[in-house]
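1. Model the following, please.
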Amino acid sequence: MRRLMVMAVLCVTLVGCAASQYKFVCNDGTCEVETSGPATLDFEREFGETLEVVETADDRVTLEAESDRKSFKMGESGTVGPLKVTVTNIKGELAVFSVKE
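-> So this is what the prediction gives:
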């Protein structure tokens with residue numbers, strides 16, 4: 001199964017505008033993700049889960065799934081909730097990582 005999701009969200013507030021973008025491609029049980037800014041990634045169809053990108057800062061990406069919150073540096077792998085994550089790149093607010101169950 002192959003799935004491509006691209007999303008751009010603009011938030012307008014009284015003091016300005018912030019952008020959050022993400023895209024992911026899923027194939028054979030693994031999803032490759034690229035995010036810029038906080039985002040909620042809907043992996044319900046692939047894994048029955050939602051993964052939240054809480055923050056990307058200080059060379060770390062903070063992810064949350066099922067009330068489990070973890071921070072990862074570039075090159076690190078681990079789990080957040082029931083999902084396995086491997087971070088391949090972090091640059092500013094950009095985070096690139098793979099997700100599988």
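
2. Thr35 bridge partners, please.
-> For Thr35, the beta-bridge partners are Tyr22, Ala95 (DSSP bridges).

3. Could you report the pLDDT at it?
-> We have a pLDDT of 96 for Thr35.

4. these two touch, right, it and Gln21?
-> Yes. If you go by CB atoms under 8 Å, Thr35 and Gln21 touch, sitting 7.1 Å apart. Every residue, glycine included, has its C-beta placed from N, CA and C.

5. Between these two, point out the one with more neighbours.
-> The neighbour count for Thr35 versus Gln21, taken as other CB atoms under 10 Å, is higher for Thr35 (23 against 16).

6. Contact partners for that one?
-> Counting by CB atoms under 8 Å, 6 or more residues apart in numbering, Thr35 touches 20-22, 41, 53, 56, 61, 94-96.

7. change it to 6 Å
-> Listed by CB atoms under 6 Å, 6 or more residues apart in numbering, the contact set of Thr35 reads 22, 53, 95.

8. What lies in contact with the host helix or strand of Gly78?
-> Using DSSP states H and E, Gly78 sits in strand 77-80. Residues from elsewhere that reach strand 77-80, judged by CB under 6 Å, 6+ apart: 63, 65, 68, 70, 86.

9. Could you please name the strands the helix or strand hosting Leu63 pairs with and the direction of each pair?
-> Using DSSP H and E, Leu63 sits in strand 60-65. Using DSSP bridges, the strands paired with strand 60-65 are strand 49-57 (antiparallel), strand 68-73 (antiparallel).
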